[in-house]
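[1] What would the 3D arrangement of this be:
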Amino acid sequence: MATSAAVLFAGKSVAAPVIKEIITRALNYLDGYLSAKSMEEMKNKLEEGMLQIQAVLDVVNPDQFKEHSVALDRWFWKLRDAVEEAEDAIDELEYYELKEKAKDYKISDWGSPLAKWKHKVVKSIKDVSVLDKSVNQFTHRGTLKRLKKAMDGLDKAAAGTTKFLEIVRCLDGGTSSSQKLEHLASSNDRQTGSMLTADKFVGRESEKKRIIEWLTKDTSVKESEIVPSANYVPIFSVVGHGGMGKTTLAQSICQQEEVVKHFQVIWITVSTSFDATSVTRKILESATRKEPSNKHLEPLQQDLKEKLNSVKFLLIMDDAWEEGKRDEWEKLFAPLRSGKNGSKILLTTRMASVADMAAKAMGVARDCLTLQGLEEGENIELFNHHVFSGLNLQDYGHFKKTGEKIARKLGGCPLVIKVTCGHLQGNMTVEYWENFLHIHLEHFKGSDIDIMKVLKLSYQHLPTELQICFRFCSLFAEDHEFDKEDLVHMWMCSGLISQAPSETLNFEDIGERILADLTRKSFFDVKSRVYTYGLDHKEYYVMHDLMHELARNVSFGECARITNPIRFKDIQDTVRHICISCIPQFSIDVVKKISQFKNLRSIVIDTLSVIDTISVVDKDTMYTLQNIIESTKSLRLFHSRLRIRFDFSSKFGRLKHLRYINISGMSSKGIYHVAKLYHLLVLSISSPTMTRINSEIEYIPCERKDNKVSSIRNLHCLRELNVLGLENIENHEEAINAKLNEKQHLCSLSLHWSPHIGEHGSIDELVLHHLKPHANIRKLRICGYEGRVVPFWIENLSVRKLVSIKLESCINWEQLPSLGELILLRYLLLRNLPKLQQIGRHSHMSSSSSMELLLPPNFLSLEIEQCPELQELPLLPPSLLSFQIKKVNWTKLPRMGKLCIESDRTSFFEQKQHMVALRNLRINNCIHLESASIPFEAMNSLTFLDILDCPKLRALRGAGEKFLPSSLQHLLIRSCGDYERTLFGSLQEHQLTNLFMLCLKNCSNLVSLPSADAFKGCENLSTLGGLGSLQSLSELTIRCCAKLIKFGSSVNPYASACEEEHLVDSRSSLYISRLTIDLPSLLLVDPLKSLCHTECLVIEDASQMESLPDCSLLQNSSSLKSLIICKVKTLELLPLSMRDLTSLQYLKLSGVDQLLGSLPELPTSLLELDIWRCGSEWEKKFRKHGIPERNKIAHILRVRIVFHSFLMYVVTKH
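    Residues are numbered from 1 along each chain as shown. Reported below is the predicted structural model:
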C-alpha cells in the first residue's frame, strides 16, 4: 500500500495542465479517425471529467486520507495509467512524423535527381490534407485505437471522482482551521569530505574546544576504563540527530591549525552500507589519495597497516550507522592499531549505540559528545543569514519579530533552519510567515520525526515539477555525486520536465533552472573539484542523507532502488523508474523479475562501489538483460555502468520512446539499430568513435562534398560544435547557411582547417567572417586558418562573453586586437602563430589606460608556444595564475603587472607585489633566454614549477632563487644550464614539505640529491641520498643513471632469495606504488632494495636482462598488481615465482623478442594478460598450435596476443 505521501505524488505528477495538453493533442490526432458525433461526445465528456479531476487535485491533502489511502491510491494510479497510455500513443504518432521528416531530409540532401523527383511527386499527392489523413489513419490504425482506448480510460477515471469529493465534504466539517490554512499556503506557491562546505559556521565553540583538547592531549592506557588491547586508537564520538551539524563540526575541526599541524587527516563517509572490506578501502584511498586496485580484505589491511605504521593520523568516520557486527568493526580496526602513537579517531553518528559498539570493538571507554541544538542567539543568527541572503535587511525589518519566533521554534537544527529559510524565501510576506509559525510549527519538538515532517512540508510546498525531479534522484545511492548536465538530461529524457520549451528557454535551460531552485531551497548542496592547477573546476551536486531519506519516502511506488535480490518483493507494480545496483550478483531468474514491471520508463544499472566496475556479467545475464530492455515498450531512459558491450537486436530499434542511452559499449549491429530511434536525444557510449548527439556535440566533417556545414542550420539547440575540414568549403554561402549567429544556446565552437595546398587565404577569410557565432559563445577555438585578417567579430569584440580563446596554426596572423574589453576572458592559448608580432595596438606611451586594457583585469591563464616573432607581451594582470611559454625567441622574460613602466627593462618577476597569486609557472624551450630573476620568496601560492630546455639560463647575482616556497608541490627541471645549481641549492637547504612530484632530467650538473622521486639522463648521479625520507612519495622513475649501480650496490641482481636474505629483512617506510626503471640492478640499490609496497613495476629498455629478479618480486608479492615489461630484447624466461604473486592482476609483455614459447604457472589473481610482439618462437607455435599452454591462461578474464603480422584476441571468463 502506498504511503500518504505517495498518494499526493500520484496526483501531482499528472497535474491538470499536463492532462489538458495531452487531451488537446489526442483529440487533434483522433480527428478524422472518429466520426464527428463521436468526437463531440468524447470532447464533452473529457471537458466535464477534467473539472472533476481538477476538483480532486485541488482538495487533496495527504493527512486527511490516511484511512482511505488504498482506494484513493488506486484511483490516482488508474488516472496516471490512462494519461501515460495516451502519452505513449501520441509519442508514437510523433515518432512516425519524425521518421517521415528524416526520410525527406535524406532524399533532399543526398538522393539522386531521379529519387528526388519521385519523392516530390509522392509528397505532393500526400500533402492533400484529406488523403494525408486517410493514409495516416490507415497506416497507424493500431496506435490510434490505443489512443482512443486511453481517452476512454481517462473518462472512466474522471467518473470515479464523485466518491472522493464526497469523502472530502465529510471530512471538511471536521477539518481544523490549521488544515485549511495549510491547504491555502500549499496552493501559493551524501558523500562528505573534510573541506568545510557550509557557507556560514555558527556557534559550537564549546564543542569544538572540547574536541580540540581531546585531540591535542597525550593519551595513555590509564585513560581507559576497559583494559585495552596491546595497541589501540582512542575514539571520540559526536552523536546527534540528522541535520544537527555533526559533519560540519567535524569539517571545522579538520581546518584548525592544531589539527593540521599534528595529524594526517583521513576522512571517510561510512553511511549505512557497512563491511570491513569496503570501509578499509575508503580509508586506504583517503590516506594514499589514490584508488586501491585490490578488492580483498587481507591485502587491503596489509596496505593500510604499512601506510599508517609511521603516521600520526586523525581518522574521521562520518555518518556511521552500524550498531552491530562487532566482528566487522574489529576487522576494520585491526590495521589502524599499527598507527603511530597519538593517532585518534573521530566518529559522527545519529545513535549512541554506534558509539558504544565502536568503543567496545577498539577496546576503549566510550568518549562521547551529544550535539544539542544551537543556542538561541546562534539560531537566530543562522536563520537571518539564510533567509535574508542576498537581500537588504533594512527593507525587511518588519519580518524580524516573526522571524525570530520561527528561529526559536526550530530548535537549533541547522539543516531544518536552512531548508525552512529556503522555503520562506519564496513566500516573503509577514502574513505567510505568521501562518507558518502558528500552523506548521505548532507541535514541533525537534525529534527525528518532527524534523522529517518539516522537511516533508518544504517538499510539499515545492512546485510540482521540482517535486517530480527530486523524487527521481532517490534512484541513486545516498552519497551519489550528480553531474549537472547528466542529471538534467535524465530528467528531460525520462519525461519529467513537462514545461514546454520556448524561444528563449530549451529543455536543458528549464532543467538547469529546476536544479538551481532545488539547490537554492537546500534539497541539494553544490560542491566543486579543482582541476588544471586550480584554473578550472567541476561542479557536482549531492543530497544530505536526510534529504535522500525524504526522497525515498515520497517516491515510494514510483521509484525503486534495488541493492539486494530480496528487495524485489518490496517493489510496487506501479514503479516507473528502477535502479539495480548489484546485478552481477543476480541469478538469471532474479534478473527476469525486472520484466514484471510493465510501466517502466527508466532503467538504471548502477554499481555498488568502484570494485563493481571491473565486474563483468556472464553472457546469459547480459542477453537476459538485453531482452528485458528490448521488451520494455515505454522505456525512455537506459543507463548502465556495467563494462560490457551490448549486442542489441532489431527489436531495440522499435523502442519508439527511447530518448537516453548511456552505456560502456555496443556492437556495430546495435549502433545500426540506434539510427531508427528518432526520439533519441542523448547517446553516450564509452568509445572514442562515439559522441553525444543533438543538443550535445555535433561533429561536422566537411571532407566530402555531401557533408555540408549548412546541414546544421536547423539544429537550434546545439551546445557544443566542432567543425572539421573547413578548407573544403568552396564559397562563403555555405558558411552563411550554417546560421551560427542564430544558435543562442551554443557555448563552445571549434573551427578547424586542415593543411591544404594553394592560395585559400581569401576564401578562408570570407568563410570565417560568415561563421560568426552568437554573442553567447563562451569557448572559441580556431585552428589552421590561413587568412591574414582577423575576423571582424573578434576585432570589434562582438563576442564579449568569451571565457576561453585558443588560436592555433593561424600562420598568417601578424597582430591580434586588444582583448582587454573581454572582461570575462580567463584563458588564452596562442600556438604556432609564426608571424604574430604583437597583441593589441602598439603604443609608445609609458603608461595609459589603453595599455591596461590589453588583457582583461581578471585574466587567469596564458600559454604561448611557437610564436618566434612575438617579442613582447602586453601588461599581464596581477590576477594571473598560470603563465606558460614554449619555443619563443625572447632573451628576457616579459614584464608583468599594470604598474610596470615601459622604459623599465627589468624582468617582470622583480615586481613581487604581482606574484603572490601565481600558482603555476612553466618556462619551456626558450633556447635564447639568458636571465631571469624569480622572487620565489614572494610566491607563496606557487604549487607547480616547470623549467625546461633553457640551456643558456642563469640566475642573476644576489637573486633570491634559493628560497623555493614551501607551497611547491610539483617541480620539473630539465636542461637548464647553470640555473640548475641555484635550484639544487634550494633543495639542499630547505624542506619542501608539500612536494609530491620532483622530476630532474638531463641535469648534467647534478652530483647528489637530498630528496627526489624521478630521474632521467642524470649521468653523474651516484647516490639516491635521502630518498627514503620521502614518505609521501608514490611514483618513481629512474632511467639512464648507470652510476647508481656502480656506486650503490655490488650485489648480483639475479641472486636467489636464499643467497640474499638480507634484502627482505629491511622493511622500507617508502610507499612507492609505481616504479619505472631501465636497469633491474637498481632494485638492489638503497633504498629501493627494501621496497615491499610496490603495486606497479615497469621495466623497459633493459638491454642485459635475461630473467626477472626473483627476490624483488617475492618481496612485493602481496602488493604487486601490475607488471609491465617492454623492449627487453634479451629476456628469455619468466621465473617460476610468478605463481606466488598473489595480488597480480595485470601482466604485459611487449617487444620481448627472445621470449621462449613457454609460460610459467600464472597466479589465479591475474585478470588481464597482454602479449605484444614477443619473439619468433611464440609466433611459430601460435600459428601451428594456437595458444600455447591454454590451460595456464584459461582462468584469465581477458587475454590479448598481438604478433608482428596479425592480431588475435582471446577472451575467457570465469
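[2] Run through the strands of the stretch 1051-1200 of the chain in chain order.
    Using DSSP state E, counting those that start in this stretch, the strands of the stretch 1051-1200 of the chain run over 1074-1077, 1096-1100, 1122-1126, 1146-1150, 1168-1172, 1198-1202.
[3] same question, the stretch 751-900 of the chain
    Along the stretch 751-900 of the chain, the segments classed as strands by DSSP E, counting those that start in this stretch run 779-783, 804-808, 815-816, 827-831, 838-839, 861-865, 882-886.
[4] mind giving me CSV with those strands and columns for mean neighbour count?
    The way it works is simple: take the backbone N, C-alpha and C, and place the C-beta from them, glycine included. CSV is the format used below for the strands of the stretch 751-900 of the chain (neighbours: other C-beta atoms under 10 Å):
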stretch, mean neighbour count
strand 779-783, 18
strand 804-808, 18
strand 815-816, 18
strand 827-831, 19
strand 838-839, 18
strand 861-865, 20
strand 882-886, 20
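[5] I'd like those as CSV, with mean pLDDT appended.
    Formatted as CSV, the strands of the stretch 751-900 of the chain follow (pLDDT from 0 to 100):
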stretch, mean pLDDT
strand 779-783, 94
strand 804-808, 93
strand 815-816, 86
strand 827-831, 91
strand 838-839, 82
strand 861-865, 87
strand 882-886, 77
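[6] Now tabulate the ones you listed in TSV and tack on distance to S338.
    What follows is the strands of the stretch 751-900 of the chain, written out as TSV (distance: least, C-beta to C-beta, whole Å):
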stretch	distance to S338
strand 779-783	50
strand 804-808	48
strand 815-816	60
strand 827-831	46
strand 838-839	58
strand 861-865	44
strand 882-886	41
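[7] Where does the prediction get shaky in the stretch 1-150 of the chain?
    Along the stretch 1-150 of the chain, segments meeting pLDDT under 70 span 1-18, 32-39, 43-44, 46-52, 54-71, 105-141.
[8] would you turn the strands of the stretch 1051-1200 of the chain into JSON lines with distance to I211?
    Shown next, in JSON lines, are those (distance: least, C-beta to C-beta, whole Å):
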{"stretch": "strand 1074-1077", "distance to I211": "37"}
{"stretch": "strand 1096-1100", "distance to I211": "39"}
{"stretch": "strand 1122-1126", "distance to I211": "41"}
{"stretch": "strand 1146-1150", "distance to I211": "43"}
{"stretch": "strand 1168-1172", "distance to I211": "46"}
{"stretch": "strand 1198-1202", "distance to I211": "49"}
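[9] Of those, which is nearest L881?
    strand 1074-1077 (28.8 Å; C-beta to C-beta).
[10] So what touches that closest one?
    Here strand 1074-1077 makes contact (C-beta atoms under 8 Å, 6 or more residues apart in numbering) with 1034-1039, 1083, 1088, 1091, 1094-1100, 1102.
[11] out of those residues, which are buried?
    Neighbour-count burial (16 or more other C-beta atoms under 10 Å) applied to the contacts of strand 1074-1077 gives 1034-1039, 1083, 1088, 1091, 1094-1099, 1102.
[12] now, among those residues, which is nearest to K401?
    Comparing those against K401 with C-beta to C-beta places S1034 closest, at 58.4 Å.
[13] pLDDT value on that closest one, please?
    Among the per-residue scores, S1034 holds a pLDDT of 72.
[14] For it, give me its contacts.
    Applying C-beta under 8 Å, 6+ apart to S1034 gives the contacts T288, R289, K290, F996, Y1071, I1072, S1073, R1074.
[15] Output the strands of the stretch 1051-1200 of the chain as CSV; include the columns mean pLDDT.
    What follows is those, written out as CSV (pLDDT from 0 to 100):
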stretch, mean pLDDT
strand 1074-1077, 86
strand 1096-1100, 88
strand 1122-1126, 88
strand 1146-1150, 87
strand 1168-1172, 82
strand 1198-1202, 76
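[16] Ok, which of these comes nearest F638?
    Nearest to F638, of all those, is strand 1198-1202, at 25.1 Å by C-beta to C-beta.
[17] Which neighbours in the sheet does that closest one have, and how are they oriented?
    Strand pairing for strand 1198-1202, using DSSP bridges, gives strand 1168-1172 (parallel), strand 1207-1211 (antiparallel).
[18] For the helix or strand hosting D303, list every residue counted as buried.
    Assigning secondary structure by DSSP states H and E places D303 in helix 297-308. For helix 297-308, the neighbour count (16+ other C-beta under 10 Å) marks L297, P299, L300, Q301, Q302, D303, L304, K305, E306, K307, L308 as buried.
[19] Tell me who's in contact with the third one.
    Contacts of L300 were listed using C-beta under 8 Å, 6+ apart, and they are T277, T280, R281, L284, P292, N294.
[20] 10 Å instead, please
    By C-beta atoms under 10 Å, 6 or more residues apart in numbering, the contact list for L300 reads A276, T277, S278, V279, T280, R281, I283, L284, P292, N294, P335.
[21] Need the contact partners of whichever helix or strand K400 is part of.
    Assigned by DSSP H and E, K400 belongs to helix 400-409. Applying C-beta under 10 Å, 6+ apart, the contact partners of helix 400-409 are 374, 376-384, 386-388, 393, 396, 399, 417, 420-421, 424, 430-434, 436-438, 440-442, 444-446.
[22] Averaged pLDDT, it. What do you get?
    The average pLDDT within helix 400-409 is 78.
[23] coming back round to it: nearest to K156, of the strands of the stretch 1051-1200 of the chain?
    Here strand 1198-1202 is closest among those (C-beta to C-beta), at 56.0 Å.
[24] What angle do strand 1146-1150 and that closest one make with each other?
    Orientation note: strand 1198-1202 sits at an angle of 0 degrees relative to strand 1146-1150 (axes from the mean of the first three to the mean of the last three C-alpha atoms, to 10 degrees).
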